[in-house]
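A.B. asks: heads up, no residue letters with this:
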């Protein structure tokens with residue numbers, strides 16, 4: 001079994017509304033996959049289906065090799081941090097995790113280690129009602145990791161976290177990947193998310209626009225690369241003229257850099273030319289970002305969903 005999650009023609013309807021409209025994709029084991037889409041795209045519906053909280057209207061869904069709405073024991077192999085998670089305010093962080101560990105049949109010895117891991121050891125015995133939003137979010141991450149789940153679902157996990165806490169969260173996500181666990185991570189902070197995921201599922205109005213590794217999606221989209229050139233002193237004017245003559249019009253930015261876009265397929269010959277040009281002091285290549293890919297998919301209503309291998 002190579003996939004943590006696999007679905008084919010998966011659909012969920014509420015009357016005439018198709019929350020998910022026959023989508024097919026997979027989440028490989030040991031990978032971190034971003035789940036992206038605007039509000040109403042179907043992300044929450046997909047997460048509920050994966051957790052077995054609702055049944056599909058059609059299609060096939062397997063989670064860790066099982067049908068989630070039929071295998072209740074499967075939930076002990078899955079950890080989940082929902083968006084806007086709420087906890088009993090009168091309990092301490094330690095008491096809550098002790099209680100959830102019993103429900104999940106997880107070793108209670110994990111509680112202290114997890115509180116330390118998410119940076120809450122100092123507040124373990126304080127009431128949750130005194131926690132800040134960021135502290136409650138870290139507690140939510142700790143409960144999601146109880147029982148060492150094989151699959152972890154994180155819905156907007158950095159909400160309320162300061163930059164340092166966000167970096168710590170993504171460090172833990174990296175550790176989960178290194179340990180062979182699978183993570184499905186939903187977030188609207190694309191620039192923050194991009195360095196930490198291996199691929200993406202992009203939903204729009206219940207349909208799957210794209211699914212695959214970031215490299216594969218970038219290749220399929222064929223968005224141009226941006227080149228930033230630093231010309232040598234007093235060489236910018238001549239370089240602009242030569243670039244224009246080559247059919248590569250460039251923009252002179254206020255910081256003195258020249259910016260131009262190059263088709264992905266023709267990038268290497270252009271780079272070789274520019275590196276050999278004595279007027280070029282430095283050159284930086286900026287590949288299309290996840291946000292640009294997301295905007296391109298949404299604006300053009302393109303579809304780049306790959307079949308599961």
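C.D. replies: Received it, and whenever you're ready, just let me know what you need. Quick caveat, the model's predicted, so the values are computed rather than measured.

A.B. asks: check contacts around residue 51.
C.D. replies: Taking C-beta atoms under 8 Å, 6 or more residues apart in numbering as the contact definition, residue 51 lies against 68, 75, 78, 80, 153. Every C-beta, even on glycine, is put in place using the N, C-alpha and C of the backbone.

A.B. asks: same deal with residue 151?
C.D. replies: Counting by C-beta under 8 Å, 6+ apart, residue 151 touches 4-5, 63-64, 77-79, 181-184.

A.B. asks: Residue 222 too?
C.D. replies: Neighbouring residues of residue 222 by C-beta under 8 Å, 6+ apart: 263-265.

A.B. asks: mind checking how far it is from residue 169?
C.D. replies: Counting by C-beta to C-beta, to the nearest Å, the separation of residue 222 from residue 169 is 33 Å.

A.B. asks: and the spatially most distant residue from the centre of the chain, what does it touch?
C.D. replies: Within the chain, residue 234 marks the point farthest from the mean C-alpha position, 43.8 Å out by C-alpha atoms, centre = their mean. Residues near residue 234 by C-beta under 8 Å, 6+ apart: none.

A.B. asks: did I read that right, it in a strand?
C.D. replies: No: according to DSSP: H, G, I helix; E, B strand; the rest coil, residue 234 belongs to no strand; its state is coil.

A.B. asks: Quick check: residue 114 touching residue 97?
C.D. replies: Yes: contact criterion C-beta atoms under 8 Å: residue 114 and residue 97 qualify, at 6.6 Å.

A.B. asks: so what sits against both of these two?
C.D. replies: Counting by C-beta under 8 Å, 6+ apart, the contacts common to residue 114 and residue 97 are 142, 146.

A.B. asks: Could you check how far the residue nearest to residue 126 when sequence neighbours are not counted is from residue 107?
C.D. replies: Spatial nearest neighbour of residue 126, excluding adjacent residues (C-beta to C-beta, 6 or more residues apart in numbering): residue 92 at 5.9 Å. For residue 92, the distance to residue 107 equals 19 Å [C-beta to C-beta].

A.B. asks: Out of the two, name the residue with the larger neighbour count.
C.D. replies: Using other C-beta atoms under 10 Å as the criterion, residue 92 and residue 107 rank with residue 92 on top: 18 against 12.

A.B. asks: just checking, residue 217 is part of a helix?
C.D. replies: Yes: judged by three-state DSSP, residue 217 forms part of a helix.

A.B. asks: Touching, it and residue 292? I think so.
C.D. replies: No: if you go by C-beta under 8 Å, residue 217 and residue 292 don't touch, sitting 11.1 Å apart.

A.B. asks: Neighbour count: the two, which is higher?
C.D. replies: residue 217 (24 against 17).

A.B. asks: host element of the closest residue to that one other than its chain neighbours?
C.D. replies: Take residue 217 and drop its neighbours on the chain: the residue closest to it by C-beta to C-beta, 6+ apart is residue 210, 5.5 Å away. Using DSSP states H and E, residue 210 falls within strand 207-213.
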